[in-house]
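# Quick one, what's the 3D model for this:
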Amino acid sequence: MYTTYHLESAQEVSTDILDAIKATFKSKPITIIVEEDDNNFELTADLKAVLEDRLHEDEGSYLSAEESIFQLNKKYGL
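All right, here's what the predicted structure looks like:
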């Protein structure tokens, strides 16, 4: 099980959050990871090239999201 907390600032970390974690996970071992929320995602040149190629594909060969996930699961066991 996992829980994600999204905070606007590190100043929002309070004892209430720690108490909630303790109540949820009790005496189970846990890992706490803190990372900066970087909303400035930029596409690399390689990703842009892939997207550009996708824009020019024949729409008749498109797969539905469900079929794409099925094929990825089948191939990679996701």
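
# So which residue is dead centre in the chain?
residue 4 (11.0 Å; CA atoms, centre = their mean).

# separation between that one and residue 21?
In this view, residue 4 and residue 21 are 12 Å apart by CB to CB, to the nearest Å. Bear in mind the C-beta positions are built from the backbone N, C-alpha and C, glycine included.

# Spell out the secondary structure type for the residue of the chain positioned farthest from its centre.
Taking CA atoms, centre = their mean, the residue of the chain most remote from its mean C-alpha position is residue 60, at 29.7 Å. What DSSP: H, G, I helix; E, B strand; the rest coil gives for residue 60 is helix.

# could you point out which element follows the helix or strand containing residue 18?
Residue 18 belongs to helix 15-25 when assigned by DSSP states H and E. Under the assignment DSSP H and E, the closest C-terminal helix or strand after helix 15-25 is helix 45-55.

# got the CA positions of that next one in PDB?
Coordinates of each C-alpha in helix 45-55 appear next as PDB, following Å, rounded to 0.1, in the frame of the first residue of the first chain:
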ATOM      1  CA  ALA A  45      14.500  16.400 -29.000                       C
ATOM      2  CA  ASP A  46      14.100  12.600 -29.200                       C
ATOM      3  CA  LEU A  47      10.600  12.600 -27.600                       C
ATOM      4  CA  LYS A  48       9.600  15.500 -29.900                       C
ATOM      5  CA  ALA A  49      10.700  13.400 -32.900                       C
ATOM      6  CA  VAL A  50       8.700  10.400 -31.700                       C
ATOM      7  CA  LEU A  51       5.600  12.600 -31.300                       C
ATOM      8  CA  GLU A  52       6.100  14.200 -34.700                       C
ATOM      9  CA  ASP A  53       6.300  10.700 -36.300                       C
ATOM     10  CA  ARG A  54       3.100   9.700 -34.600                       C
ATOM     11  CA  LEU A  55       1.300  12.700 -36.000                       C
END
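
# So which bits of it are buried?
Residues of helix 45-55 classed as buried: none (neighbour count, 16 or more other CB atoms under 10 Å).

# Give me the distance between it and the centre of its chain.
Counting by CA atoms, centre = their mean, to the nearest Å, helix 45-55 is centred 21 Å from the centre of its parent chain.
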